[in-house]
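# A structural model of the following input is requested.
(2 chains, ligands or ions: 3)
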Amino acid sequence: MTQVGIVMKESPEDRKLEEVLRSSRLAAGGFMGHDNRSVSEVIDADATELSRLGFTKEQVAERMRQITKVAISGLGTWVQVGDGMEGKVDEAKGWLICPWPHKGKLAKRITVVKVIETGESIRWSDLNTHLISEHGFFEGKGSDFRIEPRKLIRTIF
Amino acid sequence: MVLEILVAVTVVSLIGTVLAALLTICEHFIADYGPCQISINDESDVTVKGGKDLLSMLTAERIFIPSACGGRGTCGLCKLKVLEGAGPLLPTEEPYLEKEERESNVRLACQVKVRGDLKIEIPQELLAVREYTCKCVEITDLTHDIKQFRLELIEPTTIDYIPGQYVQLLTPVYEKSDEEIYRAYSISSNPAEKSVIELIIRLVPGGICTTYCFEYLKVGDEVKINGPYGDFRLLDSDAPIVFIAGGSGMAPIKCMLHHMKNTDNKRKTIYYFGANEPRELLLTDLMREFEKQLANFRFVPVVCEPEDSNVLGCEIGLVTHAVQRDLKNATECEAYLCGSPGMIDATIKVLEELGVSEDKIFYDKF
Ligand SMILES: Cc1cc2nc3c(=O)[nH]c(=O)nc-3n(C[C@H](O)[C@H](O)[C@H](O)COP(=O)(O)OP(=O)(O)OC[C@H]3O[C@@H](n4cnc5c(N)ncnc54)[C@H](O)[C@@H]3O)c2cc1C
Ligand code: FES
Ligand SMILES: [Zn+2]
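Ligands and ions are numbered 1, 2, ... in the order given. Have a look, this model is predicted:
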């Protein structure tokens, strides 16, 4: 059935989504960066990469949520969020909306995580966590908030 | 077998697409709802050409209803009462409306199509909202990521607002945004200056509006705002005041302090302002001035990372810790908070532990 889904012509809903994700209506510069692949190709490629690394999107999103939750307690300052890891959140008043058509709003919050030993750091917004957990979407290459699954897993696990 | 399914699915989706397109075309060209009358609060009527959603029709009539999703039906902010003519509640509206709201005919204005005469109710304060064309006359760096924008009103030339309220700033289409969008900013100016609005804006990484303000907006540019909005304001009482803010949360508190000075307000007032490092403190000199000018005001900057903080006379730690340590007679106080939602949540917890009752804690609920 998935096969049929892939071969099938894009539905009007898919086209609309693709258009929203490539536009700057909901996020500065959009969600697709300079990626010419279709949204479903981006999602499929990252799903393959994720399973090669031995993780599910739910596991990854859950860990991101846990880290954000701990980091929130620092009220914008660095706090320990795991072994050898510091994190902090940066939050603005207001809400973000998921580009997929469903109800709900997300905090305008960015979590930054730093591995103390290597200095390597990664950032995500609450919207990233939602996009990964609900839609398996790590964003297109070149998007400001694109998350590379390999780097994310190396940093947070 | 797979090929047959494929063909069938493709045919069905093609038929669906054609039908949807036909419907849209019919709606656009054939359906003529003619002039529709919108009666507002039983006081005034506007006549519009039917067919579009109520929110955009009201906006076209310069009646501004708050909206954060551009009418996509996903923010739930554009609520108003539609007493007649709205048709049945739509599935897109249901998730945003409480039982009592549904019973009293509250609807999402962006989802209600105007196809006939309507009777609606709009809160008086929203009817006072206007759009203002302004000129940006000054941009001042307050910290490494916070700037103050001074906007001179061109048309209309003056504005009335209650200290604590906010305006919506229009971000025009620019390189990083292909649609006009509005964002809310608290008014920070001295309310005695009726021909000027000042905003204190913090750069949000990857933000549509703040990137525009920081990287594209220049002195001399035209800016559009609408407002004022919001219920955040000082109560008229004699209770001691505790202000607690961080970052750009300084904005409405600064406006309230100007107002207190203008009205020679003698209420006992303490202001805790939290920052991570001393370089993130802003307008400290102005706050020290207020200490001299107001009868009973103390400013307490609080920083987490102590380098240099002694020089500035700061408290050390999180702002919540300073409040916990330092705030006397908490139970008598009214608390006014402005900052990130995380800071507000943590502060409310501390205040409640100190005995401040919930109905004496005020902040913009977003
Ligand atoms: C009543 C009220 C008063 C306010 N007053 C003030 C004030 O006085 N001063 C002030 O500075 N602010 C104030 N704000 C906040 C302000 O309205 C804006 O929310 C804030 O400035 C950010 O707007 P923006 O358009 O720059 O960011 P937005 O574009 O709305 O959001 C940017 C954020 O979206 C996320 N994001 C962006 N792109 C992506 C992507 N591709 N993938 C995943 N996530 C992404 C990230 O978290 C990013 O940080 C107020 C808000 C309210 C509700
Ligand atoms: S404008 Fe956002 S729900 Fe109507
Ligand atoms: Zn979603």
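# going by C-alpha atoms from here, please, whenever you check contacts or count neighbours.
Fine.
# run through the neighbouring helices and strands of the helix or strand harbouring residue B:337.
Under the criterion of DSSP states H and E, residue B:337 resides in strand B:334-338. Applying 3 or more CA pairs under 8 Å, 6 or more residues apart in numbering or on different chains; DSSP states H and E, one finds that strand B:334-338 contacts strand B:241-246, helix B:250-262, strand B:361-362.
# deepest of these, which one?
Greatest average neighbour count among the helices and strands packed on strand B:334-338 goes to strand B:241-246 (a mean of 24), per mean count of other CA atoms under 10 Å in any protein chain shown.
# distance between it and the chain's centre?
In terms of CA atoms, centre = their mean, to the nearest Å, the centre of strand B:241-246 is found 19 Å from the chain centre.
# now swap in stretch B:181-200 and tell me
12 Å.
# could you do stretch B:59-69 as well?
Averaging C-alpha positions (CA atoms, centre = their mean) puts stretch B:59-69 13 Å from its chain's average.
# for ligand 2, what's its nearest residue on chain A.
Residue nearest to ligand 2 within chain A (CA to the nearest ligand atom): residue A:103, separated by 9.3 Å.
# which residues of chain A lie near ligand 3?
A:98, A:100 (CA under 5 Å from the ion).
# what helix or strand does the one residue in the stretch 51-200 of chain B that gets nearest to ligand 3 sit in?
Using CA to the ion, the single residue of the stretch 51-200 of chain B nearest to ligand 3 is residue B:74, 11.1 Å away. Assigning secondary structure by DSSP H and E places residue B:74 outside every helix and strand.
# residues making contact with stretch B:84-98?
Where contact means CA atoms under 8 Å, 6 or more residues apart in numbering or on different chains, the residues beyond stretch B:84-98 that reach it are A:103, B:73, B:76, B:106-108, B:111-114, B:116-120.
# cool, stretch B:145-159 as well?
The contact list for stretch B:145-159, computed with CA under 8 Å, 6+ apart, reads B:132-142, B:194-203, B:214, B:223, B:247-248.
# quick one: mean pLDDT over the helix ranked longest in chain A.
Determined from DSSP state H, the single longest helix within chain A is helix A:57-72. Mean per-residue pLDDT for helix A:57-72: 97.
# related to what we said a few turns ago, list buried residues within the contacts of stretch B:145-159.
With burial judged by 16 or more other CA atoms under 10 Å in any protein chain shown, the buried subset of the contacts of stretch B:145-159 is B:132-136, B:139, B:142, B:195-203, B:214, B:223, B:247-248.
# please flag which of those sit within strands.
Within these, residues falling in strands by DSSP state E are B:132-136, B:139, B:196-202, B:223.
# how about the residues you listed in JSON lines, adding distance to ligand 2?
Converted to JSON lines, those look like this (distance: CA to the nearest ligand atom, whole Å):
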{"residue": "B:132", "distance to ligand 2": "21"}
{"residue": "B:133", "distance to ligand 2": "23"}
{"residue": "B:134", "distance to ligand 2": "25"}
{"residue": "B:135", "distance to ligand 2": "27"}
{"residue": "B:136", "distance to ligand 2": "28"}
{"residue": "B:139", "distance to ligand 2": "31"}
{"residue": "B:196", "distance to ligand 2": "28"}
{"residue": "B:197", "distance to ligand 2": "25"}
{"residue": "B:198", "distance to ligand 2": "26"}
{"residue": "B:199", "distance to ligand 2": "24"}
{"residue": "B:200", "distance to ligand 2": "25"}
{"residue": "B:201", "distance to ligand 2": "23"}
{"residue": "B:202", "distance to ligand 2": "24"}
{"residue": "B:223", "distance to ligand 2": "22"}
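# just for chain A, where's the confidence low?
Counting by pLDDT under 70, chain A contains low-confidence residues at A:1-9.
# show me where the chain has its helices.
Chain wasn't specified; assuming chain A. Going by DSSP H, chain A shows helices at A:2-7, A:12-22, A:39-52, A:57-72, A:126-135, A:149-156.
# let's do chain B instead
For chain B, applying DSSP H gives helices covering B:2-25, B:54-60, B:99-103, B:124-127, B:208-211, B:250-262, B:284-293, B:309-312, B:319-326, B:341-353.
# would CSV of the ones you listed with mean pLDDT be doable?
Below are the helices of chain B laid out as CSV (pLDDT from 0 to 100):
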stretch, mean pLDDT
helix B:2-25, 57
helix B:54-60, 92
helix B:99-103, 93
helix B:124-127, 88
helix B:208-211, 96
helix B:250-262, 98
helix B:284-293, 97
helix B:309-312, 57
helix B:319-326, 94
helix B:341-353, 94
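# could you dump those helices to a markdown table with distance to ligand 3?
Shown next, in a markdown table, are the helices of chain B (distance: least, CA to the ion, whole Å):
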| stretch | distance to ligand 3 |
| --- | --- |
| helix B:2-25 | 23 |
| helix B:54-60 | 24 |
| helix B:99-103 | 25 |
| helix B:124-127 | 31 |
| helix B:208-211 | 20 |
| helix B:250-262 | 33 |
| helix B:284-293 | 42 |
| helix B:309-312 | 44 |
| helix B:319-326 | 34 |
| helix B:341-353 | 21 |
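# turn the helices and strands packed on strand B:334-338 into CSV, including distance to residue A:10.
Formatted as CSV, the helices and strands packed on strand B:334-338 follow (distance: least, CA to CA, whole Å):
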stretch, distance to residue A:10
strand B:241-246, 47
helix B:250-262, 48
strand B:361-362, 49
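# can I get those in a markdown table with distance to chain A?
A markdown table is the format used below for the helices and strands packed on strand B:334-338 (distance: least, CA to the nearest CA, whole Å):
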| stretch | distance to chain A |
| --- | --- |
| strand B:241-246 | 10 |
| helix B:250-262 | 13 |
| strand B:361-362 | 15 |
